[in-house]
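Peer 1: Below are the sequence and a predicted model for it; my questions follow.
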Amino acid sequence: MEIGQKPNNFEELHCKFYENKYMKFIHKAIIMLIAGSSIASSELHAQHQQNEPTVAIKPDQVVAVQLYDSKGKKITYAKMLNTIKKELKPNQITVVLYGEYHDNPIAHWLQYQTTSDLYQTSQNMILGAEMFETNQQQALNAYLLDPDTQSNQGGMFGGGNDAYEKLKKSTQLWPNFKTDYKPLVDFAKDNNLPFIATNIPRKYARLMYKGGYKALDTLPLTEKTLFATTPFPYDSTLSCYAEISKAVGGHGMPATSNLAMSQAIKDATMASETIKTFSQLSANTSKGAPIFIHYNGCYHSDNHQSIEWYLNTYYKQNPMATQWPLKIITISTRTQTDVTTFDKNNSNIADFIIVTPESMTRTH
């Protein structure tokens, strides 16, 4: 399996790594995934459930979702939404990094609902996602601009119209695209919003893992435009990268620093593509500064590192910083046996934390 081919496996396991609840299982699974095992995410989840002892919960603890603030205080969806709305200012760029478990249905529903509700406040909106790689932008744009307006044919999770069929044939979509990401892309299509493919193409992340900068330096200039400029800033002390090296230490894995950097170049590319979009739109200031909602695995934005670190690093060097300050808001996802009591290990991983039951049915 290529690095990045099914990022939901590695990233969601790494999110759980920070929960400190399943260390032995996660440590083993990370090694298997990095080493190229073909084990599917559904199989990993099944193993996880087998390794986790069954814990009985009371009927009043059977709750589908509970939202918390960064300190672990229970909040309502309305509270989270209104807090974000207050940050939407015409003279400030706002980025919402919406961290998810890729197979969590509640997280995907809330992504759609939050996007729709924030659009009522600010129509100057840009959407983007890890789930599309930069070399897929042309196919994505073709879908967004297709005159076929029946994007939601068959309901919210519908498909089958000509535009959707063309998209499926023109590029590789995630297996859960139809249920989890198509509604977001269709929201952009129906409201004439940009939807940006932000992630590095998987083959280049694999090159980074195998050969480091030298492997990328041999590429033609046209291909180098598809990922963050190299060499890119890199802080090996950030826990999001340090834990990767720690997890594979002593297992005979080659080039462990390249492994962490193959993840870092994803974060750097997603951040640079986000800022590039702002730069391209800066000529049109009549609407004020935009809001960019970015959907990504929680690993890529937890603990105010990863994408957020690169956004802050890159934006300081951008001339736009003197015109518009940058505000970054993070949302993350976690699962717990009992969602009504906050797991303190998850404190401060994000500004807002979505907690759903560990036993919840997954989308794939």
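Peer 2: Looks like it arrived, so ask away.
Peer 1: Show me what stretch 272-279 is in contact with.
Peer 2: Contact with stretch 272-279 is made by 93, 95, 126, 128, 134, 194, 196-198, 228-229, 290, 292, 294, 307, 310-311, 314-315, 318, 320, as judged by C-beta atoms under 8 Å, 6 or more residues apart in numbering. In this view, the C-beta of every residue, glycine as well, is placed from N, C-alpha and C.
Peer 1: can you give me the helices in the chain?
Peer 2: 7-19, 23-35, 41-51, 77-86, 105-119, 137-145, 162-170, 182-190, 202-217, 221-224, 239-248, 256-281, 307-316 (DSSP state H).
Peer 1: Is it possible to get TSV of those that adds distance to residue 360 and mean neighbour count?
Peer 2: Listed next are the helices of the chain as TSV, based on distance: least, C-beta to C-beta, whole Å; neighbours: other C-beta atoms under 10 Å:
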stretch	distance to residue 360	mean neighbour count
helix 7-19	13	23
helix 23-35	18	17
helix 41-51	11	15
helix 77-86	17	15
helix 105-119	7	19
helix 137-145	29	16
helix 162-170	27	16
helix 182-190	19	21
helix 202-217	28	18
helix 221-224	40	10
helix 239-248	25	18
helix 256-281	27	22
helix 307-316	26	20
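Peer 1: between those, which one is nearest to residue 348?
Peer 2: helix 7-19 (10.8 Å; C-beta to C-beta).
Peer 1: Just the mean pLDDT for the closest one, thanks.
Peer 2: The average pLDDT within helix 7-19 is 49.
Peer 1: repeat for stretch 99-106
Peer 2: Stretch 99-106 shows a mean pLDDT of 96.
Peer 1: neighbouring contacts of it?
Peer 2: Residues contacting stretch 99-106 (C-beta under 8 Å, 6+ apart): 7-8, 11-12, 15, 41, 45, 64-65, 107-108, 111, 174, 176, 179-180, 295-302, 330-333, 335, 350, 354, 356, 360-364.
Peer 1: Show me those residues that map onto strands.
Peer 2: Under the assignment DSSP state E, the contacts of stretch 99-106 contribute 295, 296, 297, 330, 331, 332, 333, 335, 354, 356 to strands.
Peer 1: Any chance of CSV for these, columns distance to residue 141?
Peer 2: Shown next, in CSV, are the ones in strands among the contacts of stretch 99-106 (distance: C-beta to C-beta, whole Å):
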residue, distance to residue 141
295, 18
296, 20
297, 24
330, 28
331, 27
332, 30
333, 29
335, 35
354, 30
356, 33
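Peer 1: To residue 326, which of the helices of the chain lies closest?
Peer 2: Minimum separation from residue 326 across those (C-beta to C-beta) falls at helix 307-316, 5.0 Å.
Peer 1: by how many degrees do the closest one and helix 239-248 diverge?
Peer 2: 130 degrees (axes from the mean of the first three to the mean of the last three C-alpha atoms, to 10 degrees).
Peer 1: Would you mind pulling up the elements that helix 307-316 packs against?
Peer 2: Helices and strands touching helix 307-316, by 3 or more C-beta pairs under 8 Å, 6 or more residues apart in numbering; DSSP states H and E, are strand 93-100, helix 256-281, strand 326-336.
Peer 1: weakest of those by average pLDDT?
Peer 2: Going by mean pLDDT, the lowest-scoring of these is helix 256-281, which has a mean of 90.
Peer 1: could I get the ones in strands among the contacts of stretch 99-106 as JSON lines with distance to residue 205 and neighbour count?
Peer 2: Listed next are the ones in strands among the contacts of stretch 99-106 as JSON lines, based on distance: C-beta to C-beta, whole Å; neighbours: other C-beta atoms under 10 Å:
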{"residue": "295", "distance to residue 205": "18", "neighbour count": "27"}
{"residue": "296", "distance to residue 205": "14", "neighbour count": "25"}
{"residue": "297", "distance to residue 205": "14", "neighbour count": "25"}
{"residue": "330", "distance to residue 205": "23", "neighbour count": "24"}
{"residue": "331", "distance to residue 205": "24", "neighbour count": "25"}
{"residue": "332", "distance to residue 205": "22", "neighbour count": "28"}
{"residue": "333", "distance to residue 205": "23", "neighbour count": "27"}
{"residue": "335", "distance to residue 205": "27", "neighbour count": "23"}
{"residue": "354", "distance to residue 205": "27", "neighbour count": "27"}
{"residue": "356", "distance to residue 205": "29", "neighbour count": "21"}
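Peer 1: of the residues you listed, closest to residue 209?
Peer 2: Distance to residue 209 across these (C-beta to C-beta) is lowest for residue 297, with 17.5 Å.
Peer 1: Tell me the bridge partners for the closest one.
Peer 2: The partner list for residue 297 in beta bridges (DSSP bridges) reads residue 100.
Peer 1: Low-confidence ranges, this structure, go.
Peer 2: By pLDDT under 70, the low-scoring segments of the chain are 1-56, 149-160, 249-256, 282-287.
Peer 1: Can you tell me the closest non-neighbouring residue to the residue most central in space within it?
Peer 2: Against the mean C-alpha coordinate of the chain, by C-alpha atoms, centre = their mean, the closest residue is residue 296 at 0.6 Å. Among residues not flanking residue 296 along the chain, residue 130 sits closest, at 4.1 Å (C-beta to C-beta, 6 or more residues apart in numbering).
Peer 1: hang on, the one you found packs against residue 202?
Peer 2: No. Counting by C-beta atoms under 8 Å, residue 130 stays clear of residue 202, with 11.4 Å between them.
Peer 1: Could you pull up phi and psi at residue 172?
Peer 2: For residue 172, the backbone dihedrals are phi -80, psi 120 (criterion: degrees, to the nearest 10).
Peer 1: what's in contact with stretch 214-233?
Peer 2: Applying C-beta under 8 Å, 6+ apart, the contact partners of stretch 214-233 are 133-135, 200-201, 204, 207-208, 213, 264-265, 268-269, 271-272, 310, 313-314.
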